[in-house]
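[1] next one to model:
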Amino acid sequence: MYNEQEHKNWSSQTGNLPQTVALNYQTGSSEPSDEEKVLKEVAKLLAAARRRAIVIGAVTIAVSAGLIYKLSNRAPVYQGSFQLLVEPVNASESRLQAILTETEGNRRATYNGKDFGLDYSTQIRVLKSPTVMKPIMEEIKKEYSDVTPGDIVVERPFEESVGTRIIKVSYTHGDPKKIKFVLDKVHKGYLYYSKESRLSNLRNGIEFIESTLPALRKRVNDLQTEIQALRQKHDLMEPDFQGRKLLEQSNFLEGKRVEAQAKLAQARVRYATLKKMFDEGNMAAVLSQDMGAFGTLIREAQATEGKMVAASARLEEEHPTLKALREEQQGYRNLLRREAQSIMAKTAGEIRELEERDSAIASAQNILNQRTTILPVVSRRYADLQRELQVATDTLNRYLSKLDGLQIDAKVQEYPWQAIAPPGKPKKLGGATRKTKILTVIVGLVLGIGAAFLLEILNNVFHTPEELEDDTKLPLLAVIPFAREFRRRPHPARGPGKQVAPVGVGVSAGTMAVASERTVRGAARAGAVQWYGVSPLVEAFRTLYTNIRLLSPEEPIHSLVISAAKPGEGKSTVAMHLAQTAAAIGQRVLLVDADMRSPKLHTKLDLPNLQGLSDAISTDLSLNDAIQRSPSDDNLFVLTAGAISSDPIKLLSSKKMNSLMEQFQDFFDLVIYDTPPLVGLADGSILAAQTDGIVMVVGIDKTDRPMVTKALDGLRISGSRVLGLVANCIKG
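    Have a look, this model is predicted:
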């Protein structure tokens, strides 16, 4: 039963839905694993291949047929060839080249069964050089003047492995006799070159190395002599060890000098103190610095002083005892003075000794600093000489090693190159053989796949609901199948003379008088029996309505916006049928055509559009006069767009519109707004922000992905809630 107070209480929350309804379109499921991502990408590729199977097949058939036809009708071409077992350029040249280029890969040679890898690029370049080809071409041009060296192909056999020494020579032409003649001349010319040129090249290599060896030996000797002189002059061992040793010595001398300077400072302070006490006549204080040696003397002198004081108090000045005490006192004083002078002289000697020691340490430090200063220069020169000596020694050893090898090769009779496959009968090329047919089919298939994926890239749309859900991370509320024409529901039977009663509204009183709820729902069920049957389309809209209801079971959604990213997505049709579905199950539904730019709902529902939403906002038109009841559903009420406005944004964002939306939500179970497209227009975002959320319709195989992303970004900026997506027009 309809509870008006419940609706009012719910609407007073100003759209603050629980978390289950406030779905943000950025919220998605948990992050899939890498394996799942790979499987999804593979599934997308397979799906793309299935969608473009016709394109792939057409391109494959067309390309394959064209190539096979061209090959079948091409003039016959023949090719002849022969193969030579060669040495790397020749044995001597390979060794000489290894010495000159210093590349380990080119220094491998063959002797006594040991394999020297073949430098194919160098060998082929030599065979095609003017020096080798000139005499061969002179023989060929006597018979065929049109042959050029570039027509003769010298290459490595494709099927041979890296370690072989085989060169393949081929020639292609339409005349088999000409091929045979040319290859015979080239074959003989290459064998002559291998037989006559190899020995002279070996000797040239030996002469070159022998002429170079004296300079290399002299360079090694000079470097060794310079290193020896440098080490003797600077007493140099290994530079790193020498540097560490000098550092240790410097640290040691620095410590000793600090110690000596500390003792010297102490001695000077002590001497100054002793001198002050000596000048003041306090000899006992001077001697007290060494109580171990002068303690007894000081005590005796102090005892005599005591006796003298005592005797002076009781005896006269000329008394013999007093005189004797005075003489004894003077003796002690003289003795103390001499001992004090001895102590001061000893202290002065210590000071001179410490000063001499400090001076000697400073002199040693200066010498050590000089050696430390020149050590980096000497070390650098030493390292440079060592490096140069290493390079010179290595070069000399390599030249000596190669000289030994070339001398042995010169003494051993080397066999000339061998023709392991001499020129034979030319073979016919071209034509549509089985192999070429397979290759053409493969080429056609590759081009077909390329064309298919190019179309996929150019046609950047959503092909399946799964792609839509994965890319947007939004819930998919329904999948609407494609139908060329929706079956219209029959109008409920009405008595003669009866009109469709308008909604009884007293806007000023703030209430709406509608027909009896029981009568309305009974009529709705009676009409629904005739329309709803076993239909995928109907079930899709039932699913959509059910999923929207289940988004928030405790507080049902009372108002929502149906929109799309761009025109032609079927949003108006979805809004209409969603409203009809909700009305058919007894909900009081208001369908509002908020598209005041290009309204469509009145056409789809066969309703007049003389006055509607724009008139209700801009004038004092009563809702009683603006809202119409659907001719097919007593529970479905429609507010058409009305007159097309020049500034719909102003109307939709007005206070009057907000007031109307609150009234709609108070007096209807569900309010559905059909708005213009989202991209480029703000109408839908304005209304979505004032409702419980927005449902976005996306046409499968129709809507560009960037358009959907742009629309969702606009909704995020406006703070609108995206309830979910509807995948529309699913074929098959």
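
[2] now do the SS call for Glu318.
    Per DSSP: H, G, I helix; E, B strand; the rest coil, the local secondary structure of Glu318 is coil.

[3] enumerate every residue touching it.
    Contacts for Glu318 (C-beta atoms under 8 Å, 6 or more residues apart in numbering) come out as none. All C-beta atoms are positioned from the backbone trio N, CA, C, and that covers glycine.

[4] now do it against Lys307, distance only.
    Separation of Glu318 from Lys307 (C-beta to C-beta, to the nearest Å): 17 Å.

[5] again, but for Asn728
    Asn728 is 135 Å from Lys307, where distance means C-beta to C-beta.

[6] higher neighbour count, those two?
    A direct count of neighbours by other C-beta atoms under 10 Å for Asn728 and Lys307 places Asn728 higher, at 24 against 15.

[7] wasn't the more buried one part of a strand?
    Yes. With three-state DSSP as the criterion, Asn728 is part of a strand.

[8] could you give the bridge partners of it?
    Gly699 (DSSP bridges).

[9] what score does it have for pLDDT?
    As predicted, Asn728 sits at a pLDDT of 85.

[10] where in the stretch 201-350 of the chain is pLDDT low?
    Low-confidence segments of the stretch 201-350 of the chain, defined by pLDDT under 70: 201, 234-244, 246, 284, 286, 288-295, 297-298, 302.

[11] how much space between Leu715 and Lys188?
    Counting by C-beta to C-beta, the gap from Leu715 to Lys188 is 84 Å.

[12] who has more neighbours out of those two?
    Leu715 (23 against 14).

[13] that one against Gly693, yeah?
    No. At 9.8 Å, Leu715 does not count as touching Gly693 under the criterion of C-beta atoms under 8 Å.

[14] do you know how far Trp574 is from Gln628?
    You called it Trp, but residue 574 is Val. 20 Å.

[15] picking that back up, joint contacts of Leu715 and Gly693?
    With C-beta under 8 Å, 6+ apart, Leu715 and Gly693 have common neighbours Val722.

[16] sec struct for Leu678, please.
    Quick answer, by three-state DSSP: Leu678 is coil.

[17] let me know the pLDDT of it.
    At Leu678, the pLDDT value in this model is 89.

[18] dump the residue contacts of it.
    Counting by C-beta under 8 Å, 6+ apart, the residues that Leu678 touches are Ser563, Ala564, Ala565, Gly684, Ser685, Met696, Ala711, Gly714, Leu715.

[19] could you do Leu253 as well?
    Ile361, Ala364, Gln365, Leu368.

[20] a markdown table for those, including neighbour count and distance to Met661?
    Formatted as a markdown table, these follow (neighbours: other C-beta atoms under 10 Å; distance: C-beta to C-beta, whole Å):
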| residue | neighbour count | distance to Met661 |
| --- | --- | --- |
| Ile361 | 20 | 100 |
| Ala364 | 16 | 101 |
| Gln365 | 17 | 96 |
| Leu368 | 17 | 96 |
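
[21] surely Pro157 touches Val169?
    No. If you go by C-beta under 8 Å, Pro157 and Val169 don't touch, sitting 10.5 Å apart.

[22] in terms of neighbours, single out the busier of these two.
    Using other C-beta under 10 Å, the more surrounded residue of Pro157 and Val169 is Val169, with 24 against 13.

[23] three-state assignment of that one?
    Assigned by three-state DSSP, the conformation of Val169 is strand.

[24] so Asn609 sits in a strand?
    No. The assignment for Asn609, made by three-state DSSP, is coil rather than a strand.

[25] and the gap between it and Thr573?
    When Asn609 is compared with Thr573 (using C-beta to C-beta), they lie 17 Å apart.

[26] likewise for Ala272?
    Ala272 is 114 Å from Thr573, where distance means C-beta to C-beta.

[27] which of the two has more residues huddled nearby?
    Neighbour count, other C-beta under 10 Å: between Ala272 and Thr573, Thr573 has more, with 20 against 11.

[28] the strand or helix carrying the more buried one - contacts with which helices or strands?
    Taking DSSP states H and E as the definition, Thr573 sits inside helix 571-584. Applying 3 or more C-beta pairs under 8 Å, 6 or more residues apart in numbering; DSSP states H and E, we find helix 571-584 packed against helix 517-531, helix 536-550, strand 559-564, strand 589-593, helix 601-604, strand 636-639, strand 670-674, strand 694-699.

[29] cutoff 6 Å now
    Packing partners of helix 571-584 (3 or more C-beta pairs under 6 Å, 6 or more residues apart in numbering; DSSP states H and E): helix 536-550, strand 559-564, strand 589-593, strand 670-674.

[30] ok and it relative to helix 536-550, angle-wise?
    Here helix 571-584 runs at an angle of 70 degrees relative to helix 536-550 (axes from the mean of the first three to the mean of the last three C-alpha atoms, to 10 degrees).

[31] just the CA atoms of helix 571-584, as CSV, please.
    Extracted in CSV, the C-alpha atoms of helix 571-584 (Å, rounded to 0.1, in the frame of the first residue of the first chain):
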residue,chain,number,x,y,z
LYS,A,571,18.0,5.7,-23.8
SER,A,572,14.4,7.0,-24.4
THR,A,573,13.2,3.6,-25.3
VAL,A,574,14.9,2.1,-22.2
ALA,A,575,13.4,4.8,-20.0
MET,A,576,9.9,4.2,-21.5
HIS,A,577,10.0,0.4,-21.1
LEU,A,578,11.5,0.6,-17.6
ALA,A,579,8.6,2.9,-16.6
GLN,A,580,6.1,0.5,-18.2
THR,A,581,7.7,-2.5,-16.4
ALA,A,582,7.5,-0.7,-13.0
ALA,A,583,3.9,0.4,-13.6
ALA,A,584,2.8,-3.1,-14.7
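
[32] hmm, who's touching it?
    Applying C-beta atoms under 6 Å, 6 or more residues apart in numbering, the contact partners of helix 571-584 are 524, 528, 541-542, 544-545, 562-564, 589, 591, 600-601, 604, 633, 635-636, 670, 672, 674, 697, 726.

[33] among the residues you listed, which ones are buried?
    By neighbour count, with 16 or more other C-beta atoms under 10 Å, the contacts of helix 571-584 hold 524, 528, 541-542, 544-545, 562-564, 589, 591, 600-601, 604, 633, 635-636, 670, 672, 674, 697, 726 as buried.

[34] find me the pLDDT at Ser563, would you?
    Per the predicted model, pLDDT is 92 at Ser563.

[35] find the residue closest to it in space, skipping its chain neighbours.
    Spatial nearest neighbour of Ser563, excluding adjacent residues (C-beta to C-beta, 6 or more residues apart in numbering): Gly684 at 4.0 Å.

[36] quick one: buried residues of the one helix or strand that neighbour maps to?
    Per DSSP H and E, Gly684 falls inside helix 683-689. Buried residues in helix 683-689, counting neighbours by 16+ other C-beta under 10 Å, are found at Asp683, Gly684, Ser685, Ile686, Leu687, Ala688, Ala689.

[37] repeat for stretch 332-351
    Of the residues in stretch 332-351, Tyr332, Arg333, Leu335, Leu336, Glu339, Ala340, Ile343, Met344, Thr347, Glu350, Ile351 count as buried by neighbour count, 16+ other C-beta under 10 Å.

[38] how near is Trp64 to Lys70?
    Residue 64: Ser, not Trp. Using C-beta to C-beta, we find Ser64 at a distance of 11 Å from Lys70.

[39] compare those two (neighbour count), which wins?
    Between Ser64 and Lys70, counted using other C-beta under 10 Å, Ser64 has the larger neighbour count: 21 against 12.

[40] run a quick neighbour tally on the nearest residue to the more buried one once chain neighbours are set aside.
    Nearest residue to Ser64, sequence neighbours excluded (C-beta to C-beta, 6+ apart): Gly444, at 3.9 Å. Gly444 is flanked by 23 other residues according to other C-beta under 10 Å.

[41] returning to what we had before: the inter-axis angle of the helix holding Thr573 versus strand 670-674?
    Using the same axes, to 10 degrees: helix 571-584 against strand 670-674 is 170 degrees.

[42] state the mean pLDDT of helix 571-584.
    Regarding helix 571-584, the rounded mean pLDDT is 92.

[43] likewise stretch 387-400?
    88.
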